[in-house]
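Enquirer: Sharing a model that was predicted from the sequence below.
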Amino acid sequence: MTTEVDLGFVPLLDAAPLILAERLGFAAEERLHLRLHPVRSWSLLRDMLSSGHVAAAQMLSAVPIAGRLGLGGAAVDFDAPLVLSLGGQVIGVSPALGAEMRLNGLVSDFSDALATREALVRARPNGVRFGVPFPFSMHAELLHLWLGGTLPISTVTVPPAQMPTALASGEIEAFCVGEPWGSVAVAGGAADLILPGTAIWTAPPEKVLAVRRGWAEENPDLAGRLLRAIWRACRWISQPDVRAAASDLLAHTDALNVDPEMIERALSGHLLLSQNGAVIDSPGFINFHDGAANFPWRSQAAWLGWNMGRRHGLDGAAAADTASSCWRPDLFRLHLGEDAVLPAASAKVEGANPEPVTAGANRGTVTLGRNAFFDGRIFDLSAPA
Amino acid sequence: MSSHLLTIIIVDSDPERARTICDGSAGLPDAKYSLVAPGPALARRIAALRPDLVLIDADNASRDEMEELTIASGPMERPVAVFVNQSDSALTRAMIEAGVAAYVVDGLTPGRVGPVVDAAIARFNMLQKVRAELDATRAALEDRKVIDRAKGIVMRARGISEDEAYALMRRNAMEKGRRIADIARAIVTAAEVLK
């Protein structure tokens, strides 16, 4: 018998695993029918999940953390048993600021975060106001990580589709947003892209699958089927030769009404940096699966908790500890033990491997993807600094 | 708090609807209403008005900008906006279903805000219903115009009567499992192309 499950998402490239889990039959394999609810704001999606209107949702990785730390307006309590994607963010500036950065030595290679920062500081020594899609987001965290202590920045929340308008009005001079919205801004001549999120942190956890705290324990069978269906969709989409098919499927989803070419560009990391510029190759721009990307490492949650907590006046170590409890590697292990290769550890030193490394696992070994911060720093959960 | 005039902001890109919500809440004492349109610097424009309550359609994409109002500079002073579900999740559910969400200043009692929200929801729903009816009427009128044009084209092309032309279109619609208005639209489009 097929079980119906309500899932919420915001129409973005990285909603792909949820959409494809249903459309490619991974859900049906698990006797599930996913009723997909596209939603226009993260606040509404968060409230729908919290109130039980949907059983699970694609969620900004920072939202469950903010909820557990008590930050923000809504008291919500979510668990994240699966990471849906790493990366996929772009940083863009107004064409005017882009031109000034080039006068200040910027070479647009779309990869050197240190040099790009230098050019930005020279062009705008008094600071920059950035648009981000939500106050609690990896987008905001990446900007603070990249510029904190070097350049005074402020962030304001701007819905992704409104970034071009906000740039044109002068409300913001730059943004960090998820694809395809950066490319949409470029296509309209509203922005130049200067960096991918992965140039700041090679493996920033961007979206997670979120459920209400306790839901997975109350519905163990359903949780297992849901996790497996979505995990298999993540694995499918990460194959290089399916990109064209995936882009087509996604573009023709009612909710994600974007040119398939723009989706394929982001999926393959071939991005157009400015309206009349060249296409640049950004390897590993977005990662849905490779290198144990779907495993919810407690150290990722701790990193978010440490940074978000400290910026909001909380004790960093305590916030990291509280935050790490909403990433649920135990649920991942329980339900995906037969599909995924499970790493032996549930936390790692974030930023410690500029190249892929091999780690112990339940069946032989597992390859962990590249994980490095732009300035070589590391984040060790056992001794955060 | 008690002597303080309740400042209520309604964020809506549709000024007519916003005014309707205002009017619906007008019976409540001690309240001052302001309308704010979405757009750049929304959060700052709202913060400058120091509202007690912000009403916004839950499905408004600008809603995420409201979230900023809920974050204070320090953890000890959380100036604006506690989401209502902290005290009553059933109410939040009802509001989400109604398409309206409310953000409330810390310290305001739900008892005081409840009637405002209830009234806003009631007006919102009523207006939505009127809108839907109006849209349906408009669509029906459009359909009739297209069907009339298509009828004329078929009559001229086949040299048949109006009734026969209509019957032909209806039979076609039934066979194809489509609406007669869709068939009519296809005929009109084809006729324009072949002109």
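Expert: Perfect, thanks for sending it.
Enquirer: Now find how far off-centre the lengthiest helix in chain A is within its chain.
Expert: Once chain A is assigned using DSSP state H, the helix that runs over the most residues is helix A:220-237. Computed by C-alpha atoms, centre = their mean, to the nearest Å, the separation of helix A:220-237 from the middle of its chain amounts to 18 Å.
Enquirer: per-residue confidence averaged over the next helix or strand after that helix?
Expert: Where DSSP states H and E defines the elements, the next helix or strand beyond helix A:220-237 is helix A:243-251. Helix A:243-251 shows an average pLDDT of 86 in the prediction.
Enquirer: so what does helix A:243-251 touch, helix or strand wise?
Expert: If contacts are counted by 3 or more C-beta pairs under 8 Å, 6 or more residues apart in numbering or on different chains; DSSP states H and E, helix A:243-251 sits against helix A:16-23, helix A:260-268. Bear in mind the C-beta positions are built from the backbone N, C-alpha and C, glycine included.
Enquirer: can I get those helices in TSV with mean neighbour count and mean pLDDT?
Expert: Conversion of the helices and strands packed on helix A:243-251 to TSV gives the following (neighbours: other C-beta atoms under 10 Å in any protein chain shown; pLDDT from 0 to 100):
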stretch	mean neighbour count	mean pLDDT
helix A:16-23	25	94
helix A:260-268	21	85
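Enquirer: With distance to chain B as added columns, please give those helices in a markdown table.
Expert: Listed next are the helices and strands packed on helix A:243-251 as a markdown table, based on distance: least, C-beta to the nearest C-beta, whole Å:
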| stretch | distance to chain B |
| --- | --- |
| helix A:16-23 | 19 |
| helix A:260-268 | 19 |
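Enquirer: could I get the ones you listed as JSON lines with distance to B:Pro51?
Expert: Listed next are those as JSON lines, based on distance: least, C-beta to C-beta, whole Å:
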{"stretch": "helix A:16-23", "distance to B:Pro51": "35"}
{"stretch": "helix A:260-268", "distance to B:Pro51": "38"}
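Enquirer: give me the number of residues near A:Phe374?
Expert: 21 (other C-beta atoms under 10 Å in any protein chain shown).
Enquirer: likewise B:Asp135?
Expert: Neighbours of B:Asp135 under the rule other C-beta under 10 Å: 10.
Enquirer: Which of the three states applies to it?
Expert: Look at B:Asp135: counting by DSSP: H, G, I helix; E, B strand; the rest coil, its state is helix.
Enquirer: quick one: terminal-to-terminal distance for stretch B:151-168?
Expert: In terms of C-alpha to C-alpha, to the nearest Å, the two terminal residues of stretch B:151-168 are separated by 9 Å.
Enquirer: In it, which residues are buried?
Expert: Going by neighbour count (16 or more other C-beta atoms under 10 Å in any protein chain shown), the buried part of stretch B:151-168 is B:Lys151, B:Ile153, B:Val154, B:Met155, B:Ala165, B:Tyr166, B:Leu168.
Enquirer: How about stretch A:65-77?
Expert: Of the residues in stretch A:65-77, those with enough neighbours to count as buried (16+ other C-beta under 10 Å) are A:Ile65, A:Ala66, A:Gly67, A:Arg68, A:Leu69, A:Gly70, A:Leu71, A:Gly72, A:Gly73, A:Ala74, A:Val76.
Enquirer: Would you format the residues you listed as JSON lines with pLDDT, distance to A:Thr150 and secondary structure included?
Expert: Shown next, in JSON lines, are the buried residues of stretch A:65-77 (pLDDT from 0 to 100; distance: C-beta to C-beta, whole Å; DSSP: H, G, I helix; E, B strand; the rest coil):
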{"residue": "A:Ile65", "pLDDT": "96", "distance to A:Thr150": "24", "secondary structure": "helix"}
{"residue": "A:Ala66", "pLDDT": "93", "distance to A:Thr150": "25", "secondary structure": "helix"}
{"residue": "A:Gly67", "pLDDT": "91", "distance to A:Thr150": "30", "secondary structure": "helix"}
{"residue": "A:Arg68", "pLDDT": "93", "distance to A:Thr150": "29", "secondary structure": "helix"}
{"residue": "A:Leu69", "pLDDT": "92", "distance to A:Thr150": "26", "secondary structure": "helix"}
{"residue": "A:Gly70", "pLDDT": "84", "distance to A:Thr150": "29", "secondary structure": "coil"}
{"residue": "A:Leu71", "pLDDT": "83", "distance to A:Thr150": "24", "secondary structure": "coil"}
{"residue": "A:Gly72", "pLDDT": "72", "distance to A:Thr150": "27", "secondary structure": "coil"}
{"residue": "A:Gly73", "pLDDT": "61", "distance to A:Thr150": "30", "secondary structure": "coil"}
{"residue": "A:Ala74", "pLDDT": "64", "distance to A:Thr150": "33", "secondary structure": "coil"}
{"residue": "A:Val76", "pLDDT": "82", "distance to A:Thr150": "33", "secondary structure": "coil"}
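Enquirer: from those, which single one is nearest chain B?
Expert: For those, the residue nearest chain B by C-beta to the nearest C-beta is A:Gly73; the value is 2.9 Å.
Enquirer: Where does A:Val5 sit, in terms of helix or strand?
Expert: Following DSSP H and E, one finds A:Val5 within strand A:3-9.
Enquirer: That strand pairs with which strands, and in what direction?
Expert: Applying DSSP bridges to the sheet, strand A:3-9 is found paired with strand A:32-38 (parallel), strand A:56-60 (parallel).
Enquirer: which stretch in those has the least confidence?
Expert: Mean pLDDT across the strands paired with strand A:3-9 is lowest at strand A:32-38; the value there is a mean of 94.
Enquirer: now the strands for chain B?
Expert: Chain-ordered strands for chain B, with DSSP state E as the definition, fall at B:6-11, B:31-36, B:53-57, B:82-83, B:100-104.
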